[in-house]
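[1] coords below, sequence missing:
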């Protein structure tokens, strides 16, 4: 072991000359083979073909732009330092070769475009393939097994490709230090005494489509790198499946991480981690564990049967400055022995669309601020659906389903919730033990008709109420209506719209294309089309809560229009139509600037607008008069005074 350590140290100390054995076969820079009796032949000084085994000698390659074809023969070192030694040579291919019993099976230094393919490299005391200060090496479709330090090692080498190799039963499988732009694709990496893949301080690493199993350490262990880890199967390792520390903006997608003795995926001190569509099941510790990882995303993954939490996110940033956020979305999280999702000390993110079944607790948040928890399905947790501790506050929780959990919610005295429901008619949460009725609708639940929302709040405790508990069994599929409609104006200046006030509401759970028609004196004078999303109000183009203008340009002046009607056309499948119509009072179309309806523009009109100046809907009624908001911008202001002034004196006395 001491000799191996000394040899490894010498190899890394690149300023020391390489030591040559007495038995050396050299492919010289001029193309000749020395000695000429070696079992290698060439016809063109470009392709060198083995014609027999070479025992007890190393191959020193001094010539570039060549192919060395082992032809199935063996180079055996019996403990010699190097099998093949390439130093400052470029574009060398070593293929179809058996290499055994060296310290370094293939040693590559200060060389470019080395190709190692279809080789068997085994029983090397140090490394199967070792490269340093070299670029654009490719090692493919080779077996690298039973090597004492690492199967494949790269140091300060860039643009290396490792593909479709079997790297097994070494100390570590693949090891990279201080390297750049590495692709590790389609390899089988198994049974190594340490990590399957170990990376340190390397950038732009792509690890894709590998099978990494049965290693005594981690499947993949990475320190200080930037990585894309996609489509790998990582199973049965005696350490963590994927372990990452001090990295940046990793993308970890579509991996299968199953049955490892440590954590499934463990990441610490690494911002901008993005994990999508992974399967992380039956690991002997937490499924996904992130520590001090701001701006993280765990999305669309299956996380099941782990001996700990499904997802555990913790961040210890200084208070009150939080380190960032983490979003947990659209995951299937089930049968974990701990919590489905545990979050500590995050600020301003979302836990959305997750299905949490048969965990100990569904969601546990500690010191979590300003989060939205929505569209999660929490069923059959053996303890609690949601727990909140340690000054968690300003969180909004709505559109979740709490079904048959032993306990629904636990909140400690230091924590609070901003709201347990969204606005009406979007609603709150579904509680499987809610016993209220649904016979009323509307924000105050005082209008006859069902809306899929309970008529009375769901009471969690004295400080926590869901004001709009969902009742899916009575939620209508198609139902739209007018809510609290009002007619604003009695006198409308021609060329400016007649405005109304109120809301259009979609109680149903389908988006709707609808129309509203305005009638006066029984004659249609305008119509509008709009789209309204499910369980929302105020469609684009018909915003009753501000203003909606009906075109009066074609209406005759000085006619008293009575029986003003707004008709909201029923949508397909709608049965509750009593709230689809509104009948207002009278209005008269007059000339621009005439706000008091005396059919002239004079000082009285200026006085009216001046009195209302600065008022708006919601101002005291002593000041607000919608007739004075001539241009319908929601304020009686200088623009309206300008219209009066522009038309002042019309018509002439």
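    Now that the structure is in, tell me what you want to look at. All values derive from a computational prediction rather than experimental measurement.
[2] the strands in the stretch 451-600 of the chain, which residues?
    Ranges of strands in the stretch 451-600 of the chain, per DSSP state E, counting those that start in this stretch, are 458-461, 464-466, 480-487, 491-493, 498-506, 512-520, 523-532, 548-550, 560-561, 565-568, 581-583, 587-590.
[3] isn't residue 117 up against residue 129?
    No: in terms of Cβ atoms under 8 Å, residue 117 does not count as a neighbour of residue 129; the distance is 11.3 Å. No exception for glycine: its C-beta is placed from N, CA and C like everyone else's.
[4] so those two - more neighbours on which side?
    A direct count of neighbours by other Cβ atoms under 10 Å for residue 117 and residue 129 places residue 129 higher, at 33 against 17.
[5] tell me the SS of residue 641?
    In the three-state summary, residue 641 is assigned as helix, counting by DSSP: H, G, I helix; E, B strand; the rest coil.
[6] now it: closest residue in space, sequence neighbours ignored.
    Closest residue to residue 641 apart from its sequence neighbours, by Cβ to Cβ, 6 or more residues apart in numbering: residue 609 at 5.3 Å.
[7] got a list of what the one you found touches?
    By Cβ atoms under 8 Å, 6 or more residues apart in numbering, the residues touching residue 609 are 595, 628, 630, 636, 640, 641, 644.
[8] pull the distance from stretch 453-462 to the chain's centre.
    33 Å (Cα atoms, centre = their mean, to the nearest Å).
[9] show me what counts as buried in it.
    Neighbour-count burial for stretch 453-462 flags 453, 454, 455, 457, 458, 460 (criterion: 16 or more other Cβ atoms under 10 Å).
[10] pLDDT of that stretch, averaged?
    With pLDDT averaged residue by residue, stretch 453-462 scores 94.
[11] how far does that stretch stretch from one end to the other?
    Here the two ends of stretch 453-462 are set 21 Å apart, with distance taken as Cα to Cα, to the nearest Å.
[12] helix or strand next in line after the strand ranked longest in the chain, which one?
    Longest among the strand segments of the chain by residue count, using DSSP state E, is strand 74-87. Under the assignment DSSP states H and E, the closest C-terminal helix or strand after strand 74-87 is strand 90-95.
[13] parallel or antiparallel, list what pairs with that next one.
    For strand 90-95, the pairing partners within the sheet under DSSP bridges are strand 66-69 (parallel), strand 112-117 (parallel).
[14] show me what residue 350 is bridged to.
    Residues in a beta bridge with residue 350, per DSSP bridges, are residue 372.
[15] ok, it touching residue 371?
    Yes: taking Cβ under 8 Å as the contact criterion, residue 350 and residue 371 are neighbours in contact, 6.8 Å apart.
[16] let me know how buried the closest residue in space to residue 635 that isn't next to it in sequence is, in neighbour terms.
    Distances taken as Cβ to Cβ, 6+ apart put residue 616 closest to residue 635, at 4.9 Å, once the chain neighbours are dropped. Burial of residue 616 is recorded as 15 neighbouring residues (other Cβ under 10 Å).
[17] ok now do residue 616, which residues does it touch?
    Contact analysis of residue 616 by Cβ under 8 Å, 6+ apart lists 624, 634, 635, 636.
[18] now do the contacts for the last one.
    Right, residue 636. Residues 609, 612, 613, 614, 615, 616, 624, 625, 628, 629 are the ones in contact with residue 636 under the rule Cβ under 8 Å, 6+ apart.
[19] identify, from those residues, the entry nearest to residue 492.
    Distances from the contacts of residue 636 to residue 492 were compared by Cβ to Cβ; the smallest belongs to residue 629, at 10.9 Å.
[20] from residue 123, how far out is the closest residue to residue 73 other than its chain neighbours?
    Leaving aside its sequence neighbours, residue 73 sits nearest to residue 50 (Cβ to Cβ, 6+ apart; 4.2 Å). Relative to residue 123, residue 50 is positioned 19 Å away (Cβ to Cβ, to the nearest Å).
[21] ok, residue 570 - how many residues close by?
    Burial of residue 570, expressed as a neighbour count using other Cβ under 10 Å, amounts to 17.
[22] how close does the nearest residue to it once chain neighbours are set aside get to residue 431?
    With Cβ to Cβ, 6+ apart as the measure, residue 577 is the residue that lies nearest to residue 570, at 5.0 Å, once sequence neighbours are left out. Distance of residue 577 to residue 431, computed by Cβ to Cβ: 31 Å.
[23] same question, residue 286
    Residue 286 sits at a distance of 29 Å from residue 431 (criterion: Cβ to Cβ).
[24] which one's more surrounded, the two?
    residue 286 (27 against 24).
[25] tell me which element the more buried one is part of?
    Element membership for residue 286 (DSSP H and E) is empty, with no helix or strand holding it.
[26] relative to residue 256, how far out is it?
    For residue 286, the distance to residue 256 equals 17 Å [Cβ to Cβ].
[27] check what pLDDT residue 391 gets.
    89.
[28] quick one: residues contacting it.
    Each residue near residue 391 by Cβ under 8 Å, 6+ apart is listed here: 367, 369, 414, 415.
[29] ok, the closest residue to the second one other than its chain neighbours to residue 417 distance?
    This points to residue 369. Nearest in space to residue 369, with sequence neighbours left out and distances taken as Cβ to Cβ, 6+ apart, is residue 347 at 4.7 Å. Separation of residue 347 from residue 417 (Cβ to Cβ) stands at 15 Å.
[30] low-confidence ranges, the stretch 501-650 of the chain, go.
    For the stretch 501-650 of the chain, residues meeting the criterion pLDDT under 70 lie at 539-548.
[31] ok so, going back, which stretch among the strands paired with strand 90-95 comes nearest residue 550?
    Closest approach to residue 550 among the strands paired with strand 90-95 (Cβ to Cβ): strand 112-117, 75.8 Å.
[32] what lines up beside the helix or strand following the closest one in the sheet?
    Next in sequence after strand 112-117, counting helices and strands by DSSP H and E, comes strand 120-122. Pairing partners of strand 120-122, with direction, according to DSSP bridges: strand 98-109 (parallel), strand 143-145 (parallel).
[33] the longest one - what's its average pLDDT?
    Averaging pLDDT along strand 98-109 yields 98.
[34] could you check the angle strand 74-87 makes with that strand?
    Angle between the axes of strand 98-109 and strand 74-87 is 0 degrees (criterion: axes from the mean of the first three to the mean of the last three Cα atoms, to 10 degrees).
[35] in strand 98-109, what's buried?
    Under the neighbour-count rule (16+ other Cβ under 10 Å), strand 98-109 has 98, 99, 100, 101, 102, 103, 104, 105, 106, 107, 108, 109 buried.
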